[in-house]
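In: What follows is a predicted protein model with its sequence.
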Amino acid sequence: MERLRAFRFTGDIRAVPEGTPVFIGTAIILAAVGFVGYRMWANDCGAPVALGLGVLTVIPVVDLVLMYLALASQN
């Protein structure tokens, strides 16, 4: 508990403008990608660069493309 008492949040908090459509999955994907990236860095992961790029960039890009397609199909 002492570690938690001494912990201070040093991250960023982001918000979208009011009225902007947001998919709940986006927050989950971004949190998961950040966590995986941290774990790879903290554990000195010997994973190939391609795997790191796949996890940290391709997954969020696919999520954004799917979100765009979902919004574009509603017109």
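Out: The structure has been received and is ready for your questions.
In: show me where pLDDT drops low in this structure?
Out: Along the chain, the model assigns pLDDT under 70 to residues 23-26, 45-50, 75.
In: What segments of it are helices?
Out: 2-6, 24-42, 49-53, 59-72 (DSSP state H).
In: among the ones you listed, which is nearest R14?
Out: helix 24-42 (9.1 Å; Cβ to Cβ). All C-beta spots, glycine's among them, are computed from the backbone N, C-alpha and C.
In: who's in contact with that closest one?
Out: 45, 47, 52, 55-56, 59-60, 63-64, 67 (Cβ atoms under 8 Å, 6 or more residues apart in numbering).
In: let's see it at 7 Å
Out: The contact list for helix 24-42 (Cβ atoms under 7 Å, 6 or more residues apart in numbering) reads 47, 52, 55-56, 59-60, 63, 67.
In: Pull out the buried residues from the residues you listed.
Out: 55, 60, 63, 67 (16 or more other Cβ atoms under 10 Å).
In: Closest one of those to E2?
Out: V55 (33.1 Å).
In: For T20, see how far away that closest one is.
Out: To T20, V55 is 27 Å away according to Cβ to Cβ, to the nearest Å.
In: rewinding a little: greatest separation within the contacts of helix 24-42: which pair is it?
Out: A47 and M67, at 27.2 Å, using Cβ to Cβ across the contacts of helix 24-42.
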